[in-house]
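# Predicted model, plus sequence, below.
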Number of protein chains: 2
Amino acid sequence: MTADEPRAMRRRPAQERSRATVERILDAGRSVLLERGFEGASTNRIAAAAGVGPGSLYQYFPDKEAILDRVVDRAVDDLEARITRAFLGSLRAGDDAVRHHLEALLDALSAEADLVRVLSQDRPRTAERRRVGFARRIDALVAGALLAEHPDAGRGPVDAVAWMLVRTVEHVTISWVLERPDVGREAILDELTALVGGYLRTRWA
Amino acid sequence: MTADEPRAMRRRPAQERSRATVERILDAGRSVLLERGFEGASTNRIAAAAGVGPGSLYQYFPDKEAILDRVVDRAVDDLEARITRAFLGSLRAGDDAVRHHLEALLDALSAEADLVRVLSQDRPRTAERRRVGFARRIDALVAGALLAEHPDAGRGPVDAVAWMLVRTVEHVTISWVLERPDVGREAILDELTALVGGYLRTRWA
DNA sequence: CGCTGACACGAGTCCTCGCTCGCGTTCAAC
DNA sequence: GTTGAACGCGAGCGAGGACTCGTGTCAGCG
């Protein structure tokens, strides 16, 4: 009953046929979104790409926003899962932990460059909410890790450090993927590692 | 004759009256843009806000995009000027130079938080081009400053360092202005200074 | 004053888009 | 096979937006 609880489906698909239709709609939504951005993702275009009448969209979704919300949610879930998995997977890499984390993140973003571009450029409220939400969860993770290593540091400073590190790493990696500047993958990883490492060492020398 | 040279005015205003009209249109465009975002910045709304008929817009601008382009250009010019001035103004602050630069940047962005929000969230191609263009110019400035201090470092590494520092500082300051996290101005300046300083020290110890 | 071009106006045109609704089709249950 | 619900379809409605055009007003000049 909250203001913006996830819009329910208008009708819950019962037969196999309709479940496939919903799937086709969401896939088409993803394609159209990646190819033409939010601007060009009209309902008629999505329906056409799904090989479905415009009316069929509204059998299962209350409105356009609900469709794109689900599309974005799915895509971002994938991306988040990929990143989180990479993050956790490189936890045991003791010494070069920072670099391994950065490497995993950079590769995850590179693998979904089109998605990252669309979500970063046309930026509807949904996508923005998801981005900030995810960032905040990572904030907590990083803050926890930092606090474990420096139990004497206060809660406040640790939170500030975590917040800043997360924004830094987020934007540098995304900018690298999108701008493709004249800086190689290895070079940017070296620099980012130095940035984070130098900071942490400076901060808690 | 190039593909996207700046759209010329349809008619160059000759009398004082019409020059004032153009001014009113651009001012209204700015207000509407800041209050309702790109989404809500319709031509009719801008005309109404300017106290002008819809037709009058097209006496001087070929289409809607041209109007918003000029509005964005003006706003970003102001912001750029403010930032550049602050940057140059704090050049002589010898020892704490880094911190002074960051302070100036943060304050400039805070003073125009609404503009920063609109340009960062709904992000049309124009605004994005301008952002990247500005960033690249700052890249060059910073690279120059770094090279002056470390003449023995190669061109490539210096460019990479400059590129990364600029993206880092850009996004951390903008995120702070937009998210208003639970981190005070002094704290974030301390942290950013430590981040940049620690990095540079690590990099060229 | 009278004339002319510059300027302002805003009802109206055309178009796109989100969304509906009535009808035809397919499927599952008996 | 029959029936009724689930499903699919797509022409079309209403809203809103960009932009036009015919008409009226104003400034400057003789």
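Structure received. This one's a predicted model, so the numbers in the text were calculated from it and none came from an experiment. Residues are numbered from 1 along each chain as shown, chains lettered A, B, ... in the order given.
# for the helix or strand harbouring residue A:143, packing partners?
Per DSSP states H and E, residue A:143 falls inside helix A:125-149. Counting by 3 or more Cβ pairs under 8 Å, 6 or more residues apart in numbering or on different chains; DSSP states H and E, the packing neighbours recorded for helix A:125-149 are helix A:64-89, helix A:155-179. The way it works is simple: take the backbone N, C-alpha and C, and place the C-beta from them, glycine included.
# model confidence over the longest one, on average?
Okay, so that is helix A:64-89. Per-residue pLDDT over helix A:64-89 has a mean of 89.
# Likewise for stretch A:17-25?
93.
# residue closest to the middle of chain A?
Closest to where the C-alpha atoms of chain A average out (Cα atoms, centre = their mean) is residue A:76, at 4.6 Å.
# So what's the predicted local confidence for residue A:130?
We have a pLDDT of 86 for residue A:130.
# Check chain A for the residue nearest DNA strand D and tell me.
The minimum distance from chain A to DNA strand D, using Cβ to the nearest atom of the strand, falls at residue A:55 (1.4 Å).
# Roughly how far does that residue sit from chain B?
26 Å (Cβ to the nearest Cβ, to the nearest Å).
# That residue: helix or strand, and which one exactly?
Secondary structure assignment for residue A:55, by DSSP H and E: helix A:54-60.
# show me the contacts for the closest residue to residue A:112 other than its chain neighbours.
Closest residue to residue A:112 apart from its sequence neighbours, by Cβ to Cβ, 6 or more residues apart in numbering or on different chains: residue A:79 at 5.5 Å. Neighbouring residues of residue A:79 by Cβ atoms under 8 Å, 6 or more residues apart in numbering or on different chains: A:108, A:109, A:112, A:115, A:116.
# Please dump these into JSON lines; it should also carry distance to residue B:177 for every row.
Shown next, in JSON lines, are the contacts of residue A:79 (distance: Cβ to Cβ, whole Å):
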{"residue": "A:108", "distance to residue B:177": "28"}
{"residue": "A:109", "distance to residue B:177": "24"}
{"residue": "A:112", "distance to residue B:177": "28"}
{"residue": "A:115", "distance to residue B:177": "26"}
{"residue": "A:116", "distance to residue B:177": "23"}
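# Which members of the residues you listed define the maximum pairwise distance?
Distance extremes for the contacts of residue A:79: the farthest pair is A:108 and A:115 at 10.8 Å, using Cβ to Cβ.
# More neighbours: those two, which one.
Set side by side, residue A:108 and residue A:115 show more neighbours around residue A:108, with 22 against 18, by other Cβ atoms under 10 Å in any protein chain shown.
# got any ranges where chain A has weak pLDDT?
Within chain A, the segments meeting pLDDT under 70 span A:1-8, A:90-95.
# Run through the residues of it sitting next to DNA strand C.
A:15-17, A:41-44, A:53-55, A:57-58, A:63-65 (Cβ under 7 Å from any atom of the strand).
# residues contacting the residue nearest to the centre of chain A?
Residues in contact with residue A:76 (Cβ under 8 Å, 6+ apart) are A:119, A:127, A:130, A:134.
# okay if I get the residues you listed as TSV plus neighbour count?
Converted to TSV, those look like this (neighbours: other Cβ atoms under 10 Å in any protein chain shown):
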residue	neighbour count
A:119	23
A:127	21
A:130	19
A:134	17
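# How about the residues of chain A by DNA strand D?
Chain A comes close to DNA strand D at residues A:11, A:13-15, A:17-18, A:20-21, A:51-56, A:59, as judged by Cβ under 7 Å from any atom of the strand.
# mind redoing it with 10 Å?
Residues of chain A lying close to DNA strand D by Cβ under 10 Å from any atom of the strand are A:9-22, A:24-25, A:43-44, A:47-48, A:50-60.
# that older thread, just give me the neighbour total for the residue of chain A closest to DNA strand D.
Burial measure for residue A:55: 8 neighbouring residues, criterion other Cβ under 10 Å.
# tell me the contacts of it?
By Cβ under 8 Å, 6+ apart, no residues touch residue A:55.
# change it to 10 Å
By Cβ atoms under 10 Å, 6 or more residues apart in numbering or on different chains, residue A:55 lies in contact with residue A:47.
# how near is it to residue B:192?
Distance, residue A:55 to residue B:192, by Cβ to Cβ, to the nearest Å: 53 Å.
# Same question for residue A:113.
For residue A:113 relative to residue B:192 (Cβ to Cβ), the value is 28 Å.
# Could you do residue A:136 as well?
Residue A:136 sits 20 Å away from residue B:192, going by Cβ to Cβ.
# Between the two, which is the more surrounded one?
A count of neighbours by other Cβ under 10 Å puts residue B:192 above the other of residue A:136 and residue B:192, at 25 against 14.
# what's the closest non-adjacent residue to the more buried one?
Among residues not flanking residue B:192 along the chain, residue B:102 sits closest, at 5.1 Å (Cβ to Cβ, 6+ apart).
# Surely residue A:122 and residue A:37 touch.
Yes - here residue A:122 reaches residue A:37: they are 5.0 Å apart, a contact under Cβ atoms under 10 Å.
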